[in-house]
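Engineer: give me a model of this one.
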Amino acid sequence: AALARLTLPPLHAEPRADWAASRPSAVFALAQHDALLEELRALPDVRAQPVPAGTLAFFRQQQTALAPAPADADAVLARVPPRLGRTLLPFQRAAVRRIAGDWGGRALLADEMGLGKTLQALAVVGALRAWPVLLVAPAALRLMWAEEIEKWLPEMLAPSDILVLRGATDALQQDAPTPKVVVTSFRMASVLRASLGARTWRTLVVDESHVLTSTSRADDAAHTQAVAALGAAADHVLLLSGTPSLSKPFQMWRQVEIVRPGLLGADKWAFGRAYCTSVRSGAGFWSPTGGGQRDHELHLLLRASLMVRRLKADVLSELPAKRRQWLRLPLTASDEGADVDEADAAAEPA
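Structural biologist: Residues are numbered from 1 along each chain as shown. Down below sits the predicted model:
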């Protein structure tokens, strides 16, 4: 099925200025889209907004193409290291099977915070075994990721196979072989864009991927462009974020474009016109101004094509007791010997 939004202004009245936010919706079979649209356009006082071309093409392909045999869950999960595989909860195993099997390792893992996105990401990496892996994360989380990789993938990786890039002086030497896993920050991915781009990365993992936001400016931030270029050349791309859209759907375009290019339109402006509340600027461009105008349809499309998202309420019966985790941060020269408050010293680890 496909969703379409129909504009039904009051009869014998001028359409209201806020019609985009107040119009009702209708649901119909995908095969009826073109015929129904023609009938609606022939009616007086009715304006119909068709399903965007990218969405329509995706669902039509899902219906008409010969669907490949679904990936065998046991075969996919069997490639995950045994200890990590036994640790995964049922809903986490389902996500690994979906991402590594059905979607070929290209996905946005958007589970709510606290549902174990790190373990699921490492399980996907273990199932794919596509080295080398470039992992981009906030600077404060680089060491945590390195420790988690050592902890959960020891059968596949030795400590010497993991390189954490802390600064420009840690850049990969031109003639040196590429380590199996390189962990870096968003800023360093931008600073080292040329040297990282000269390497072949089979897998790209991005933690807190909402940092790769689409802006209403012509060019997005330098780190967003750098990571997007790396993702375009990778075989597998896995983005992690508990809040993929911080305030409005337009910010998600870049993330979706990295995972599945062209799904949301030719560019972010086309996506803004089709899915977001937009206005035409004095220069003739469409600029996104606020929320979405086809939110349910967008949600349906993302879940069908690339996004796994569960809330704690969805999997509450599967969750274990509360778990705590150490988060180690590197000390700078100015931090060493600094006084520590008694309250901080007595605090439990996060």
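
Engineer: for the rest of this, base every contact and every neighbour count on C-alpha atoms.
Structural biologist: Fine.

Engineer: pretty sure Val80 is in contact with Ala123, am I right?
Structural biologist: Yes - the criterion here is Cα atoms under 8 Å, and Val80 meets it with Ala123 at 5.7 Å.

Engineer: the more surrounded of these two?
Structural biologist: Counted by other Cα atoms under 10 Å, Val80 and Ala123 do not tie: Ala123 has more neighbours, with 28 against 22.

Engineer: would you list the phi and psi of that one?
Structural biologist: Dihedral pair for Ala123: phi -70, psi -40, per degrees, to the nearest 10.

Engineer: contacting residues around Gly262?
Structural biologist: Contact partners of Gly262, counting by Cα atoms under 8 Å, 6 or more residues apart in numbering, are Gly54.

Engineer: is it true that it lies in a strand?
Structural biologist: No - counting by DSSP: H, G, I helix; E, B strand; the rest coil, Gly262 is not found in a strand; it is coil.

Engineer: can you start the count at 799 instead of 1 from here on
Structural biologist: Noted, 799 is the first residue going forward, which turns the last one into Gly1060.

Engineer: which parts of this protein are strands?
Structural biologist: Taking DSSP state E as the criterion, the chain carries its strands at 800-805, 823-826, 845-847, 904-907, 931-935, 960-962, 979-983, 1001-1005, 1034-1038, 1074-1078, 1084-1090, 1105-1106.

Engineer: among those, which one carries the weakest average confidence?
Structural biologist: Comparing mean pLDDT across the strands of the chain, the weakest is strand 800-805, with a mean of 43.

Engineer: from the centroid of this structure, which residue is nearest?
Structural biologist: Leu906 (3.2 Å; Cα atoms, centre = their mean).

Engineer: could I get the contacting residues of Ala829?
Structural biologist: Not one residue lies near Ala829 by Cα under 8 Å, 6+ apart.

Engineer: if I look at it, how far off is Ala1072?
Structural biologist: 21 Å (Cα to Cα, to the nearest Å).

Engineer: what's the answer for Trp901, then?
Structural biologist: Counting by Cα to Cα - Trp901 and Ala1072 are separated by 25 Å.

Engineer: looking at these two, which one has more neighbours?
Structural biologist: Higher neighbour count among Trp901 and Ala1072: Ala1072, with 21 against 16, using other Cα under 10 Å.

Engineer: which one is that one nearest to, not counting chain neighbours?
Structural biologist: Pro850 (6.2 Å; Cα to Cα, 6 or more residues apart in numbering).

Engineer: quick check, the one you found in contact with Cys1074.
Structural biologist: No - if you go by Cα under 8 Å, Pro850 and Cys1074 don't touch, sitting 11.8 Å apart.

Engineer: ok, those two, which is more surrounded?
Structural biologist: Higher neighbour count among Pro850 and Cys1074: Cys1074, with 23 against 18, using other Cα under 10 Å.

Engineer: and the nearest residue to the more buried one once chain neighbours are set aside, how many neighbours does it have?
Structural biologist: With sequence-adjacent residues excluded and distances taken as Cα to Cα, 6+ apart, Cys1074 is closest to Gly1090, at 4.1 Å. By other Cα under 10 Å, 21 other residues sit near Gly1090.

Engineer: you'd agree Gly1090 is up against Tyr1073?
Structural biologist: Yes - using Cα under 8 Å, Gly1090 is in contact with Tyr1073, at 5.7 Å.

Engineer: what is in contact with those two at once?
Structural biologist: Pro1047.

Engineer: for stretch 1026-1037, measure first residue to last.
Structural biologist: Taking Cα to Cα, the first and last residues of stretch 1026-1037 lie 11 Å apart.

Engineer: quick one: it to chain centroid distance?
Structural biologist: 11 Å (Cα atoms, centre = their mean, to the nearest Å).

Engineer: same deal with stretch 1052-1059?
Structural biologist: 8 Å.

Engineer: flag every buried residue along it.
Structural biologist: Arg1052, Gln1053, Val1054, Glu1055, Ile1056, Val1057, Arg1058 (16 or more other Cα atoms under 10 Å).
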